[in-house]
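**Student:** this is a predicted model, with the sequence first.
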Protein chains: 2
Amino acid sequence: MDPKMPFFPTQTRFNFTQRTIQWISNESSFFYSSNTFITSEHMGTHIDAPYHFSSTGWKVDEIPLKHLISIHARVIDVSKQCQRNKNYLIKIDDVKNSDLIIPEIDENDGGKFLFVLIFYTGWTKYWPDQITYAGGESDIEFPGLSEQLATYLIDTYGDNLVGIGIDTLSIDYGQSKTYPVHQIFAKYNKYGLENLALVDSLLKNIDNDFFTLDIFPIKIGNGTGAPCRIIARIDTTARNTANWFGILLFFFLLFLIGFAVKVIYDFKYNPNKNF
Amino acid sequence: MDPKMPFFPTQTRFNFTQRTIQWISNESSFFYSSNTFITSEHMGTHIDAPYHFSSTGWKVDEIPLKHLISIHARVIDVSKQCQRNKNYLIKIDDVKNSDLIIPEIDENDGGKFLFVLIFYTGWTKYWPDQITYAGGESDIEFPGLSEQLATYLIDTYGDNLVGIGIDTLSIDYGQSKTYPVHQIFAKYNKYGLENLALVDSLLKNIDNDFFTLDIFPIKIGNGTGAPCRIIARIDTTARNTANWFGILLFFFLLFLIGFAVKVIYDFKYNPNKNF
């Protein structure tokens, strides 16, 4: 998270509202630095809680840990389609063509197989440039899921699917005004992960396999969402037969954040504030 | 993190500066909620980056992932000593009596054994009451590490020790004015974890063994610290011989935050602001 991140124009951009660096000199003097920051809950790599778009949905502090920690994840690559059309709406066929097969049970605990489906649009590579990543500040352009796909995913995967991720500003495409995909997923208590950084080292190692994600939103009481750190763990035993207990490599997606709508507001009305 | 959390009086308390709940009614109307929040980097369960007290120390986005993810951790219980004296300064002997033995190498990767040392003062149980947890808002009282202990830990464990955790507001005790423990650890690029929630289910299961922590601070560019989510993974194979690949149970420490110094300031100078 930093003030130069791409942002969704309706959201309060990440910024420091106060920075302190001081060497206090009484009996002893020492270096001390501390910041206060302000941000929308929906900046940088973040989670949308179902409550963002559903009054009865889970708030960020209510999402069960088993939906966040060691959760199965699968990436679907739609980057070619999106390269041809920056306002691409990801289709049902994009999922049907991906050989996505959900195990009957979760081998780890014998329970229901819970997973997150992540769409790789290729937008990761435009980060952190507002123009290429978001299309600018007024005419917002980037790909997203189609409403039909959202409904299809709910119908097809039901309770197995706990959330959707994407490497753009929103699971709804940039041109959307009514956010149907958000509405559909929120209604069924599925969360969204936005501004994922889908790095090459991850994509190269997962093929079309499931891997494990740890999703750590800061636990904001009554939050509609929260900045997250997200780590992908890839079990390398299946690939190189080393490491007896399935020691895990990390790659990461992730993070950073943005800017100043509110801060500008503060500057304007509150010029004496210490920035 | 919520506005009712205990706080360190010099820090900007967690609060929402803006809440939106709206049903937009043009062609379609729908529920939409979104918050902006403001907080010190040092509220709730959080990490102190070395840069908090050292101009040359790592900032929060510079702390190596291997110091944060799957890091070994050990708890030292000083709750009895702290119960007798709420301004207890944890002593070198408290560590010497704990049978802390550091393996020569990390079995997982053959490298140096990196670990975090966590002090359990018992203050977890006072959360979220400002009076019992912090001693109030003016006369701050809670236990912490002695300066001698900080030096001893650096001398004894060197590069093996990557950070210190505690279930109070600060690794320096409440009465401190110069924060020598912060200064010592920052100088050696060790981080601090404060306001850990050391829950019974964790403490009951770890005895005097090492366990694994995942520490996920939000990645604030140039941050002096950041709110974290922290998960303890306990390898149950060693305990019940089930689960072939060392499937992990989670317990958690963790989180929450606080309040309003800045917000009150805003209220005062900026009464038109939307809270």
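**Tutor:** Received the coordinates, thanks. Residues are numbered from 1 along each chain as shown, chains lettered A, B, ... in the order given.
**Student:** chain B contacts on the stretch 51-200 of chain A?
**Tutor:** The stretch 51-200 of chain A comes close to chain B at residues A:51-55, A:65, A:69-70, A:108-109, A:177-179, A:183, as judged by C-beta under 8 Å from any C-beta of the partner chain. For the C-beta atoms, the positions are set from N, CA and C on the backbone; glycine is no exception.
**Student:** do a quick rundown of the helices in the stretch 101-250 of chain A.
**Tutor:** A:130-134, A:147-157, A:180-187, A:200-206, A:237-240 (DSSP state H, counting those that start in this stretch).
**Student:** of the ones you listed, which shows the lowest average pLDDT?
**Tutor:** Mean pLDDT values for those show the minimum at helix A:237-240, a mean of 45.
**Student:** mind checking pLDDT for the residue in the stretch 101-250 of chain A that chain B sits nearest to?
**Tutor:** Per C-beta to the nearest C-beta, residue A:221 is where the stretch 101-250 of chain A lies closest to chain B, at 3.1 Å. Looking at residue A:221, its pLDDT is 95.
**Student:** same question for residue A:138.
**Tutor:** Looking at residue A:138, its pLDDT is 84.
**Student:** what about it, neighbour count?
**Tutor:** Applying other C-beta atoms under 10 Å in any protein chain shown, we find 6 residues neighbouring residue A:138.
**Student:** hang on, isn't residue A:168 packed against residue A:143?
**Tutor:** Yes - if you go by C-beta atoms under 8 Å, residue A:168 and residue A:143 touch, sitting 6.4 Å apart.
**Student:** buried ones only from the residues of the stretch 51-200 of chain A next to chain B, please, as a ChimeraX command.
**Tutor:** Only the buried entries of those go into this ChimeraX selection, using 16 or more other C-beta atoms under 10 Å in any protein chain shown:
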select /A:51,52,53,54,69,70,179,183
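**Student:** turn the residues of the stretch 51-200 of chain A next to chain B into JSON lines, columns for distance to residue B:75.
**Tutor:** As requested, these are exported to JSON lines (distance: C-beta to C-beta, whole Å):
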{"residue": "A:51", "distance to residue B:75": "35"}
{"residue": "A:52", "distance to residue B:75": "37"}
{"residue": "A:53", "distance to residue B:75": "41"}
{"residue": "A:54", "distance to residue B:75": "40"}
{"residue": "A:55", "distance to residue B:75": "41"}
{"residue": "A:65", "distance to residue B:75": "21"}
{"residue": "A:69", "distance to residue B:75": "20"}
{"residue": "A:70", "distance to residue B:75": "22"}
{"residue": "A:108", "distance to residue B:75": "26"}
{"residue": "A:109", "distance to residue B:75": "26"}
{"residue": "A:177", "distance to residue B:75": "52"}
{"residue": "A:178", "distance to residue B:75": "50"}
{"residue": "A:179", "distance to residue B:75": "45"}
{"residue": "A:183", "distance to residue B:75": "45"}
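**Student:** among the residues of the stretch 51-200 of chain A next to chain B, which lie within strands?
**Tutor:** Judged by DSSP state E, the subset of these located in strands is empty.
**Student:** thinking again about what came up before, how far away is the residue nearest to the residue of the stretch 101-250 of chain A closest to chain B when sequence neighbours are not counted from residue B:32?
**Tutor:** In space, residue A:221 comes closest to residue B:2 once its chain neighbours are excluded; the distance is 3.1 Å by C-beta to C-beta, 6 or more residues apart in numbering or on different chains. Using C-beta to C-beta, to the nearest Å, we find residue B:2 at a distance of 21 Å from residue B:32.
**Student:** got it, and residue A:128?
**Tutor:** For residue A:128, the distance to residue B:32 (C-beta to C-beta) stands at 26 Å.
**Student:** contacts for stretch A:128-144?
**Tutor:** With contacts defined as C-beta atoms under 8 Å, 6 or more residues apart in numbering or on different chains, stretch A:128-144 is touched by A:4-9, A:78, A:81-82, A:85-90, A:121, A:123, A:126-127, A:166, A:168-176, A:181, A:256.
**Student:** same thing with stretch A:150-160?
**Tutor:** Identification of contacts with stretch A:150-160 by C-beta under 8 Å, 6+ apart yields A:92, A:95, A:102, A:112-115, A:117, A:161, A:164, A:180-181, A:184-185, A:188, A:190.
**Student:** from those residues, which would you call buried?
**Tutor:** The neighbour-count criterion (16+ other C-beta under 10 Å) marks A:95, A:102, A:112-115, A:117, A:161, A:164, A:180-181, A:184-185, A:188, A:190 among the contacts of stretch A:150-160 as buried.
**Student:** so what's the closest residue to chain B within the stretch 1-150 of chain A scoring on pLDDT?
**Tutor:** At 3.1 Å from chain B, residue A:2 is the closest residue in the stretch 1-150 of chain A, using C-beta to the nearest C-beta. As predicted, residue A:2 sits at a pLDDT of 92.
**Student:** what about it, neighbour count?
**Tutor:** For residue A:2, the count of nearby residues is 21 (other C-beta under 10 Å).
**Student:** any idea how far the residue nearest to residue A:221 is from residue B:31?
**Tutor:** Using C-beta to C-beta, residue B:2 is found at 22 Å from residue B:31.
**Student:** now for residue A:213: which residues touch it?
**Tutor:** Per C-beta under 8 Å, 6+ apart, neighbours of residue A:213: A:70, A:71, A:72, A:73, A:116, A:230, A:231, A:232, A:233.
**Student:** tell me which residues of stretch A:87-96 come out buried.
**Tutor:** A:88, A:89, A:90, A:91, A:94, A:95.
**Student:** okay, and for chain A, where does confidence drop off?
**Tutor:** Applying pLDDT under 70 to chain A flags residues A:24-27, A:236-275.
**Student:** change it to 90
**Tutor:** A:9-10, A:18-30, A:108-109, A:136-139, A:200-201, A:207-208, A:234-275 (pLDDT under 90).
**Student:** among the buried residues of stretch A:87-96, which lie within helices?
**Tutor:** A:94, A:95 (DSSP state H).
**Student:** mind checking the backbone torsions on the residue of the stretch 101-250 of chain A closest to chain B?
**Tutor:** Backbone torsions of residue A:221, given as degrees, to the nearest 10, read phi -60, psi 130.
**Student:** residue B:76 versus residue A:167, what's the distance?
**Tutor:** Separation of residue A:167 from residue B:76 (C-beta to C-beta): 42 Å.
**Student:** with that, I have no additional questions.
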